[in-house]
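>>> Quick one: sequence and predicted model below, then my questions.
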Amino acid sequence: MDCMEAVAYADVPEFADRRPGFRHRHVHARRGRSVADGVARRRAAAGGSHSDGVGVAVLCSGAACRGPGDIFDRRRLIVTTEVWMASAAAAIAALTLLHWITPWMLLLLTVALSIGDALEAPTWRAILPEVVPREDLLPAIALNGIEFNLARAIGPALGGFLIAVAGVATAFTLNALSFLVVLWVIV
């Protein structure tokens, strides 16, 4: 397919989901959840806990979290980490809604989210060849990279807007609900 065919193919709405890398629900679910996570982390960053909690969790668990995806069943590990992170996100949302959240609770739960993400991210990259056909693998890998950077850029901006319009509790609640979408796709 030459460049002009690819552009024409991508511009036809009924073929939008047939483009390589775009037609797999696993890739889409993770992308949407990452943006929602960026939204919630905007609030955590405003409180100062995001940079502290995430940095410590990734630093302490980075090397240790790469192995489980090769040792355990990858799908089960992803489901387990998604449930773990959904629980932490739901706890943040509930505590915020009840006005019981403290900086230390936010820090602890942000560390819990970050540990879950540190476990899940390498496993997600490793399982991609199992859920995406070989001919679509390179575009799917590229989309995963774009998703990560896009979520880091758009998530905080969207989070700031959402917090200004609907409040902190809404941002945390939407983040918690975003984990359910990924679980629905995987399970």
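Perfect, thanks for sending it.

>>> Which parts of this protein are helices?
Taking DSSP state H as the test, the helices found in the chain are 3-11, 25-46, 49-61, 68-71, 74-97, 103-131, 137-166, 168-186.

>>> I'd like the average pLDDT over the first one.
Spelled out, that is helix 3-11. Average pLDDT, helix 3-11: 39.

>>> please begin residue numbering at 6 from this point
That works, and once the first residue is 6, the last one we named lands at helix 8-16.

>>> ok, back up a step: would you single out the least confident of the helices of the chain?
helix 8-16 (a mean of 39).

>>> Please determine how far residue 101 is located from residue 88.
20 Å (C-beta to C-beta, to the nearest Å). (Glycine included, C-beta is placed from N, CA and C.)

>>> So these two - more neighbours on which side?
Per other C-beta atoms under 10 Å, whichever of residue 101 and residue 88 has more neighbours is residue 101, with 21 against 15.

>>> Would you check how far apart that one and residue 163 are?
Applying C-beta to C-beta to residue 101 and residue 163 gives a distance of 18 Å.

>>> Likewise for residue 104?
Where residue 163 is concerned, residue 104 sits at a distance of 24 Å (C-beta to C-beta).

>>> Between those two, which has more neighbouring residues?
The residue with more neighbours, out of residue 104 and residue 163, is residue 163; 18 against 7, by other C-beta under 10 Å.

>>> gap between that one and residue 178?
15 Å.

>>> before we move on, what about residue 153?
In terms of C-beta to C-beta, residue 153 sits 23 Å off from residue 178.

>>> Those two - which one has more neighbours?
More crowded of residue 153 and residue 178, by other C-beta under 10 Å: residue 178, with 20 against 15.

>>> That one touches residue 98, doesn't it?
Yes - using C-beta atoms under 8 Å, residue 178 is in contact with residue 98, at 4.4 Å.

>>> burial of residue 99, as a residue count?
Neighbour count for residue 99, taken as other C-beta under 10 Å: 15.

>>> meant to ask about residue 116
Around residue 116 sit 21 other residues, with neighbours defined as other C-beta under 10 Å.

>>> Thanks again, I'm all set now.
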